[in-house]
Each structure stands twice: as C-alpha cells, then as structure tokens.
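Asks: give me the fold of what follows.
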Amino acid sequence: MSIAVVPGSFDPVTLGHLDVVRRAAALFDEVVVAVATNVAKSPLIPAAERVALVSEAVADLPHVRAAEVPGLLVEFCREVGATAVVKGLRSGGDYDAELPMAWMNRHLGVETVFLPADPAVAHIASSLVKDVARHGGPIDDLVPARVAEVVRDRLRAAREERRP
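Replies: Numbering: from 1, shown residues only. A predicted model of the protein is given here:
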C-alpha cells in the first residue's frame, strides 16, 4: 500500500490545496494531509481547527484523512508509513523554496513528489486569501464555504480585540 503525506500549514486550506490533495489521492492508496504549524508565522486559525476544516473539506475522498504534525515531517511520515511527500508548485519561486526541503527530506529517508498547480487555482495562496478577506474582499471562490466563514469570523474577532 502506498501512502503519501501532503503537508502544509493550511491557514486556511484553499481550493489550490484541495486540488493537490485530490490529485495525490489518485496516485497513492492513502493520503494524509499533514497540518503543521510554521513557527515563523502567527496562525489565524488554531491547528486543531485547521485539522477539522481540512477533514471536512476532504470528507468526500476515500482514503484521505487529516492529522496534525507534532514535530519533524519525516518522523510523521514514518509514523503513518508514508513513502512520499507531495507538494504542489505554483511557480518557479515555489520550486526554489521547496527543493532544499525535498533534498533534506530525501536525506532523512522520504522522497518528495512535485505536482504542478492546476492553472485554474495557481493564483490562490493562503496569505492572499487572508489579505483579501482582511480588506473585505470576496474569498468564496478561493476556499470551501465553511473555511470562508471561519476566516471572516477570525478576522472580525481579531479586529474587535484590537479596538480600544
């Protein structure tokens, strides 16, 4: 049985992420969407809630599940029996950023498979989704409906927290 991990912070999960997950599911027997926390960033959505949102978004895909990554991705891959990490690439910049990580993952025992983004969703990035939403723009065609609600609610709560 072939198992792959699709890692990311998924803050929030986007239609671009889900495209990669769906395509990975067609290539591997099982896919684990690995929700990680980037220590260099302050997440809008807590990790446990991101796992729940991803789980809801992939509920229609058999043999796909979401889980939180507690530490090193390669260790997580070993724990779930994954032989590959699947990463989506939107541009050459993504490739440049992902290649050193792929080399390190290979050095540590896990191969990386790159999937080029579908042009229909290649413009979608979590940071841009949050930026558009922060300024009141529409995000409903960039993320699942439930995710759009959560993003708007979190941003509204953050604005209210900052009010004197």
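
Asks: quick one: contacts for residue 35?
Replies: 8-10, 47, 50-51, 54, 66-69 (Cβ atoms under 8 Å, 6 or more residues apart in numbering). C-beta here means a position set from N, CA and C on the backbone, and glycine is covered the same way.

Asks: quick check: of those residues, which has the highest neighbour count?
Replies: residue 54 (28 neighbours; other Cβ atoms under 10 Å).

Asks: and it, what is it in contact with?
Replies: 10, 13, 33, 35, 66.

Asks: quick revisit: may I ask which two of the contacts of residue 35 are separated the most?
Replies: 9 and 67 (13.8 Å; Cβ to Cβ).

Asks: can the contacts of residue 35 go into CSV with extra columns for secondary structure and pLDDT?
Replies: Listed next are those as CSV, based on DSSP: H, G, I helix; E, B strand; the rest coil; pLDDT from 0 to 100:
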residue, secondary structure, pLDDT
8, strand, 96
9, coil, 95
10, coil, 97
47, helix, 95
50, helix, 98
51, helix, 98
54, helix, 98
66, strand, 98
67, strand, 98
68, strand, 97
69, coil, 96
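
Asks: export those to CSV and tack on distance to residue 19?
Replies: Output for these, formatted as CSV (distance: Cβ to Cβ, whole Å):
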residue, distance to residue 19
8, 13
9, 17
10, 13
47, 22
50, 18
51, 19
54, 14
66, 16
67, 20
68, 22
69, 21
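
Asks: of these, closest to residue 92?
Replies: residue 8 (19.0 Å).

Asks: what bridges to the closest one?
Replies: Partner residues in beta bridges with residue 8, using DSSP bridges, are residue 35.

Asks: just checking, it touches residue 38?
Replies: No. Under the criterion of Cβ atoms under 8 Å, residue 8 makes no contact with residue 38, lying 9.1 Å away.

Asks: for the protein, what's the longest helix?
Replies: In the chain, with assignment by DSSP state H, the single longest helix is helix 145-162.

Asks: surely residue 112 is within a strand?
Replies: Yes. Counting by DSSP: H, G, I helix; E, B strand; the rest coil, residue 112 is part of a strand.

Asks: and the residue lying closest to it once chain neighbours are set aside, what element?
Replies: Closest residue to residue 112 apart from its sequence neighbours, by Cβ to Cβ, 6 or more residues apart in numbering: residue 102 at 3.7 Å. Here residue 102, judged by DSSP states H and E, is contained in helix 92-107.
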